[in-house]
Each structure stands twice: as C-alpha cells, then as structure tokens.
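Chemist: dropping a prediction and its sequence here:
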There are 2 protein chains.
Amino acid sequence: VSGKFRNDLCVGVLGGGQLGRMLSAPALGFGVDLAFMDADPDAPCRSLTDRFTCGSLLDYDAVYKFGRACDLVTIEIEHVNVDALADLEKAGVLVRPAARLIALVQDKLSQKEFYQAHQIPTAEFAAVDAPGDLARYHDWFPAMLKLRRSGYDGRGVMKLNSPADAARAFDAPALIERRVDFIREIAVIVSRNPSGEIATFPAVEMEFHPEANLVEFLFSPTRLDPAEEATAQALARRVAEALELEGLLAVEMFQTADGRFLVNEIAPRPHNSGHHTIEACVTSQFEQFLRAILDLPPGDTRLIQPAVMVNLLGAEGHAGAARYVNMEKVLAWPGVHLHLYGKRLTRPFRKMGHITVTAARLDDAITLARRVRDTVRVESNNE
Amino acid sequence: VSGKFRNDLCVGVLGGGQLGRMLSAPALGFGVDLAFMDADPDAPCRSLTDRFTCGSLLDYDAVYKFGRACDLVTIEIEHVNVDALADLEKAGVLVRPAARLIALVQDKLSQKEFYQAHQIPTAEFAAVDAPGDLARYHDWFPAMLKLRRSGYDGRGVMKLNSPADAARAFDAPALIERRVDFIREIAVIVSRNPSGEIATFPAVEMEFHPEANLVEFLFSPTRLDPAEEATAQALARRVAEALELEGLLAVEMFQTADGRFLVNEIAPRPHNSGHHTIEACVTSQFEQFLRAILDLPPGDTRLIQPAVMVNLLGAEGHAGAARYVNMEKVLAWPGVHLHLYGKRLTRPFRKMGHITVTAARLDDAITLARRVRDTVRVESNNE
C-alpha cells in the first residue's frame, strides 16, 4: 500500500536545530539529501549540509522560496509560516505534515477544541482572551495557564495558585486548564504515512526538572502494565487517525489517579520524548519520521533494550562557549550514548545535548543515568 | 587514563566515501565537525558538510594543505599520500592512525613481513618482484597472487591455478601466498587509543560473492565456540598492540581446518566487516573509531542482537543512474535497516549500500537476509 522508494527527492526541513541534526543519520541511510532553513546562521545543522539557508521560518517569502526548491517540505519545529506552506501545497510541493495540521498544533486552543470534537480525553479547559477573564475560574485554582501561541520547552506556561498569580498572567490569548490529578506523565510516538499505515512506539515515562519545566529524565519501558500500555497506544493511534497525520506525532499524556489517560500536548515531529529510540528500538523515531513523510512502510518499533534519556542542560551561572565537564569519565561507562547538538554557546537550562543510557535491565539503566546526571556538567569557559 | 573530551576539534578525513558518510552520525553526537577530502566531486560525503575539499588523496600538496587546516587528520581509505601525513605530524597536526602505520598497510609485503617479525600467524608468502619469479613457486599452486600496492575490494588479487595463469600475472611487485586450507573467514574489529586502551568487537563471519570477490554476506555472532572466539579476539588485540595502533583496525582472519587463526589482511579504519555494529552492538565501529582517534575511552562493544549484513551491489548489466527495485517491499519487513551510500551512478558490483538485518535469533536474521538479497536489486534507469 505504501509508495515507491525514491532516492532522488530533495527534502527541505524548516528548522535547523537538534531534531534536524538527528534526522540526518537516517536521511543518509535512505539516500535523501536534506536542505535546512533556520534563522540562526550558527544553527546545529549549519555545517552538516551544503544546502543550508539562513532565513526566518515565520517569513512567508523566505519559507515559500525555500520550499519551491524542494520536492518535499517538512518541519522540525512547528513555529513556521503556515500560509507559505499552504501555498506550497497548492503549487504541488509535498508538505508533510500538512499545513492545516501544523496550523492546528500552533494554537493550543485549537488543539484542545480538536480533542473535544473528536472525543479525545484531555484536561478540562477554557479560553482566556485577556487576564480579566480569569476571574471566572478562581475555583479552578491551582490551574495551568498556557499561551495559545509560541509556547515551547516550558515557555508560555505558568501555574496559577491564587488570584494574586492571575494579576501577573500573560497579556495575550491563552487557555486555562483545570488541574489534573495525575500519577504519571508519559508519551507515545506514533507515525502515519500518506497511505494510512500507522505504527506506535512503546510508551516512555517522564520525569521533569522541577525548576526548568523541561524533561530531565525519561525511560522506556514505562511502569505501565500491559493493559495500560495498550490503552495509551490506542489513544495515540486515535489522535493520529483523527488528524489524518502524514508524519510523526509525539502524544504527551497524563495518567490520572483513577486510571484514565488524558492527552496533554502533541508535537507533529520527532520529539525529545523519543530520543531514546535511537538506541532502544529497532527503528528510531527519526527514521520512522522519514519513512512516514516519504510514504514508506513504518519500521519495526519494538524495544530491544531498556533505555533512560538524560537531557544535558546548560548549568546555572554559566553562559558562553560550552565545555563539557567530566564527559570523558562518563564515556567510559558501558551503555552511555552521547548526543551533542552542536551548539557553541551555553546558557542556563539550554538543551545542549542528551545522553541515552542503555542496560540489560531498566533499574540498572536508571541507576547509571542518575550517576551520569550527577557527573556531567555543561559549563562555559568564561565563568 | 584517556584524554580530555573536547568539542572544538576540527577533524579532517582523507576520503569522502561511504565510510566517511557513516562516520558522520557519531561525529554529530560527539560535537565534532568533519571536513572531507576526495578526488571525486560527487563523493558520498560531498553534501553532508560545508567543508568538502575536492583533491587527489595521493597529491602531497593537496593532502598537506588540507591537513594543515585541521587539528586532527584521519583516513577512511588507506591509499593516501603518507609523506604529506608524516610532514603534518612534524608540523604538530595529530595524524591518527599514524603515517608510518598507514605506510605499512599500503604495502601488502611489508604487512606480511610485519606479521612475521611479530610472530603473528599468517599464510606463508614470498615476494614476487616480477612475473618471472613465479617459476620458483609452481609447487605452491593453486596459490594467491596479490599486488603489493593499490589492491582494494578484490582488485589486485588473482588466483594462480597453473603455470599458464602465471603467464598473465601482474607485471608489478607482488607477493605470492601459499594456499590456506580454511574452513571459515572471520574478522575482528579492534580499537586502541593513544592512551593504550584496547577494545575488540565480537567476531563476524563472512561469506563471499563467488564472482566479485566481495563480501556479500556477513553475520555476528559467528559460529565459533567461546574458546575460538577468545583466540581470535586475542590475536586481533596482539596485532593492534604490535602496531601501536591509534584508531580502529579490521583484522581479517582465516580459521584453518586444524583450528588455527591466520591473519589475512588488515585495514586501519572502519571496515565493511563492521557495518553490522551500527545496529548490533552497544557502540558502533564508527563511534569506536572516533573515540579512539580522539583519545576517549572505548565504548561498550557487546552484541545486543544478532545481525546479518548484506552488501547492495550494482546489478550486472546495469550502469547509470541508480534505482532500487523492491526497496519499499523489504523496508516493510521487521528488522531491515537501510544504508545507502549516496552514489548516484551504479555499475556492476559497485558497492551502492548495505542492508543490516536484525532479529532475536541469528537463524531468523539469516533467513530474512537471504530474502532481502533475493528481492532488492540495484539497477539503472537506462537499461
């Protein structure tokens, strides 16, 4: 049912960050030359192609011009000019995921309304056009307030504990979410190709850094029982089907105390919660993404070994040229896999890379991952 | 004992073929930007860096100039100008593996004399400066005749069955090897860093294509018993130590009917016989090579799943722009991993890529690999 293998496609990627960087390994294997576009002339993908375009992803003309030179355009970040993508589609360029899907995901309110319209369980929410609207929801506190647009990596999200917090709320369209009593946060990566073939990866379980609101720690397999795992995977599949996804989707979910799964957020691209698949699964999320947008059959998603992923975040108090303290030490430990993102400059909590730890038993991987986290530091030369 | 991790080194690679291409994935992870040099402006690495230099690897000035702009120079093919490398060493550029080691390997006679000097078991041999010298070795027939220099991928090797064959022997310095009664051909990849840390990968077993004299099929684990496996690994380690290797070395060996292991050939770089390590081992040969030349501790070499590697060779009767027949079909089979080399043009027996098949059991992987080999074809558009 899937399409024919082609090795002569020019695939343009909007965004030249770490996701694009990690996409390049399977792209090489599939004989696909990638072109990247990023506003940062020093982006992580800058030096790994002879086709790097420097330009704003939000600029209609820049995106349209970049896309016109490609056979297929995709994204590694969703904050891109979707009007240009829609017009590229009209001009016959393949855009995967589709412009309408990216537009939907860009607006957290439209995401939530989509879940509602498709009976996809999610936390109760309401639109908050201006901070004054919050007065109606004091009985929801403590609650989460999320900017409708441009939130990313923990930015654009705040917790409202009291009406006093509401006074310093975002002065932009947002949504308020009723607090979910969750016991676990997980993610399922799902892919769907234009021929409709779907595959899901085993779920991953997350632990967040308390200050930075970034995933610090992630492991797979999760501690879900097989029935729960099946429920989570079926939910991810339902979301992909409802969206008529052409590509890869990370579906972040809460597992509630009463055993339900609620969709929190989605990202229509490779995602931090799938990095461990490079070492842990037969097929990585990056290869799966590529297979999906090329309309090739999905790869085998089975877990071959337990894995824990640790983000390498810039240390507090350090900004400037990055240096990696004790890296040679952890590289001597069996099962330590290093992925730096090629960012020259560090700053506090900046995602500079990640380390995946694999072991025959999950508990051993977790123990080793904690040692890695406590040992490696990303500092700057000019302290 | 190993060196300090650095993420600011410029590593120059002589050669821009598939080995350099596959080296780029771990280089990204380690934050190392690679520069490549190759005589072919259309080389597999051409588009995966913004630092590709087109030039002859045998040209002193070109190699020296390329190397001077790097902190560390390495190779992905051993047919390079070693005088330039020796002078780069004198100028303070790190050259790993060392120029003297590459020079030794370039000459098959000096390789054999080195084994002899270090009591490393190898097939009996003699220098053949000119075809006339062969008259002395008629009692060795059938024997192998190998050019001392520039043999590669089955070129520069011929079988001498009778004095009649000797009449069409190479008219260049060569060596004759007495026939080895072997039951199995294997390889062990070994790494050693400048600090002296050594690691070996589990052995791999090879099957050759009868016509092309190219490895067609390779699997790991081998069918060696544990004692034999230990003997083979110890031998590879001895070769690396004797050479004072700084880098990675593929040691190809014959296992004789009477249970000995004889070193056949060595290659001081990632090698076709280690491609399966990308999926099969905790650390790939490419990452191990990078760790070794950067003087980082060796990674974990354990096998995590059985694997079979199938070379994708250009089909006979086809020359021109490559197309991959039935590729979408085999990509649907679980455990099929595609590695194309980015070569636009195919020709009979050209190495266009490889496919690694993984499975929980070796026999299943072998069965599937045979199906892959019988299904995929590399043809050209202009038949």
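Modeler: Arrived safely, thanks for sending.
Chemist: name the residues of the helix of greatest length in chain A that are buried.
Modeler: As assigned by DSSP state H, the longest helix anywhere in chain A is helix A:226-243. Buried residues in helix A:226-243, counted by 16 or more other Cβ atoms under 10 Å in any protein chain shown: A:228-229, A:231-233, A:235-240, A:243. For the C-beta atoms, the positions are set from N, CA and C on the backbone; glycine is no exception.
Chemist: quick check: of the residues you listed, which lies closest to B:Gly15?
Modeler: B:Gly15 lies nearest to A:Ala240 out of the buried residues of helix A:226-243, by Cβ to Cβ, at 42.4 Å.
Chemist: on contacts alone, who are the packing partners of the longest helix of chain A?
Modeler: Taking 3 or more Cβ pairs under 8 Å, 6 or more residues apart in numbering or on different chains; DSSP states H and E as contact, the helices and strands that helix A:226-243 lies on are helix A:108-117, strand A:182-192, strand A:198-200, strand A:247-256, strand A:261-267.
Chemist: those into a markdown table, with extra columns for mean pLDDT, mean neighbour count and distance to A:Tyr64?
Modeler: Below are the helices and strands packed on helix A:226-243 laid out as a markdown table (pLDDT from 0 to 100; neighbours: other Cβ atoms under 10 Å in any protein chain shown; distance: least, Cβ to Cβ, whole Å):
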| stretch | mean pLDDT | mean neighbour count | distance to A:Tyr64 |
| --- | --- | --- | --- |
| helix A:108-117 | 96 | 17 | 23 |
| strand A:182-192 | 96 | 23 | 26 |
| strand A:198-200 | 98 | 20 | 31 |
| strand A:247-256 | 97 | 24 | 20 |
| strand A:261-267 | 97 | 22 | 24 |
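Chemist: relative to chain B, which of these is closest?
Modeler: strand A:198-200 (10.5 Å; Cβ to the nearest Cβ).
Chemist: could you look up the SS state of A:Met206?
Modeler: Following DSSP: H, G, I helix; E, B strand; the rest coil, A:Met206 is assigned to strand.
Chemist: name whatever forms a beta bridge with it.
Modeler: Taking DSSP bridges as the rule, A:Met206 bridges to A:Leu218.
Chemist: correct me if wrong: it contacts A:Val188.
Modeler: No - in this structure, A:Met206 is not within contact of A:Val188 by Cβ atoms under 8 Å, at 11.7 Å.
Chemist: for the buried residues of helix A:226-243, which one is nearest A:Ser220?
Modeler: The closest of the buried residues of helix A:226-243 to A:Ser220 turns out to be A:Glu229 (Cβ to Cβ; 10.6 Å).
Chemist: how close does that closest one get to B:Gln285?
Modeler: Between A:Glu229 and B:Gln285 the distance is 35 Å, computed by Cβ to Cβ, to the nearest Å.
Chemist: what do you get for A:Leu290?
Modeler: Taken as Cβ to Cβ, the span from A:Leu290 to B:Gln285 is 23 Å.
Chemist: ok, now A:Ser56?
Modeler: Shown here: A:Ser56 relative to B:Gln285, a distance of 41 Å by Cβ to Cβ.
Chemist: A:Arg361 too?
Modeler: 26 Å.
Chemist: circling back to that earlier point, any chance of TSV for the helices and strands packed on helix A:226-243, columns distance to B:Val82?
Modeler: As requested, the helices and strands packed on helix A:226-243 are exported to TSV (distance: least, Cβ to Cβ, whole Å):
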stretch	distance to B:Val82
helix A:108-117	60
strand A:182-192	48
strand A:198-200	49
strand A:247-256	47
strand A:261-267	50
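Chemist: so for the longest helix of chain A, what's the average pLDDT?
Modeler: For helix A:226-243, the mean pLDDT works out to 98.
Chemist: quick one: it to strand A:261-267, angle?
Modeler: Between helix A:226-243 and strand A:261-267, the angle comes out at 50 degrees (axes from the mean of the first three to the mean of the last three Cα atoms, to 10 degrees).
Chemist: and the angle from helix A:226-243 to strand A:182-192?
Modeler: With the same axes, to 10 degrees applied, the angle from helix A:226-243 to strand A:182-192 works out at 50 degrees.
Chemist: which parts of the stretch 51-200 of chain A are helices?
Modeler: Counting by DSSP state H, counting those that start in this stretch, the segments of the stretch 51-200 of chain A that form helices are A:60-68, A:82-90, A:99-106, A:108-117, A:163-166.
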